[in-house]
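Undergrad: I'd like to go over a predicted model; first the sequence, then the structure.
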Amino acid sequence: MSSAEKSDKQKVEGFVKSLIVKGIQVLAVDFDQTLLSIHSGGQWRDGVESLAQHVRPCMRDLLQYAIQRGLFVCIVTFFKQAWLIRELLQHVFPKRIASKILVQANTIDLLQRQGPDEFVGKEAHLINVFNELYQKHHVVVNSREVMLLDDDEENVRTAIQFGHYSFLIPPDLNYENFESFAKMLTVT
């Protein structure tokens, strides 16, 4: 492992440790322009291999390490192809990691219950994730135990209003951002 790779790994580990110290149980990650470096346009037609090229290495490393340290990780997105996200996760991560990442997309079920014009940030998505965590693991998550990473300022603002921690993901996200996020968590 090169010194740069070691430094990147330490930044990911430092951020995850700061999440744990803060009492975060759920790391919620947006899909377009957060996990991915691009916006998919809402539907992807070019296949998983093509989409996998756009997964940010720093986000891949973050999700994997967060799961290894015992955090619950989920993808919360307005993207409609939940099956494609799950397939992408299987392509990008080892099976034991991919199978632990919950996916809440704008499925027909969510849209029928919520209504497409009634979304308040990613809150409906998170409520479904909390319900799934309770049903599968008997875990109750309170608002201060959630960290949302999202590229949309409105979603970040809404998450904070609902009592979650949240960071805005810049277009040029890299490992250095994780170091900054960890420092910001120590002062909040």
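TA: Structure's in. What do you need? Bear in mind the structure is a predicted one, so any value in this text is a computation, not a measurement.
Undergrad: give me every residue that touches the spatially most central residue of the chain.
TA: The centre of the chain sits closest to Val29, judged by C-alpha atoms, centre = their mean, with a distance of 1.5 Å. The contact partners of Val29, by C-beta atoms under 8 Å, 6 or more residues apart in numbering, come to 35, 59, 63, 73-76, 148-150. All C-beta atoms are positioned from the backbone trio N, CA, C, and that covers glycine.
Undergrad: give me the buried subset of those.
TA: 35, 59, 63, 73-76, 148-150 (16 or more other C-beta atoms under 10 Å).
Undergrad: let's see which of these end up in helices.
TA: Per DSSP state H, helices hold the following members of these: 59, 63.
Undergrad: looking at the buried ones among the contacts of Val29, which is nearest Ser7?
TA: Ranked by distance to Ser7 (C-beta to C-beta), those are led by Met59 at 17.1 Å.
Undergrad: pretty sure the closest one contacts Asn177?
TA: No - Met59 sits out of contact with Asn177 when judged by C-beta atoms under 8 Å, with a separation of 10.2 Å.
Undergrad: rewinding a little: what's the closest of the contacts of Val29 to Asp46?
TA: Leu35 (16.6 Å).
Undergrad: quick check, nearest of the buried ones among the contacts of Val29 to Ala4?
TA: Out of the buried ones among the contacts of Val29, the member with the shortest distance to Ala4 (by C-beta to C-beta) is Met59, at 17.5 Å.
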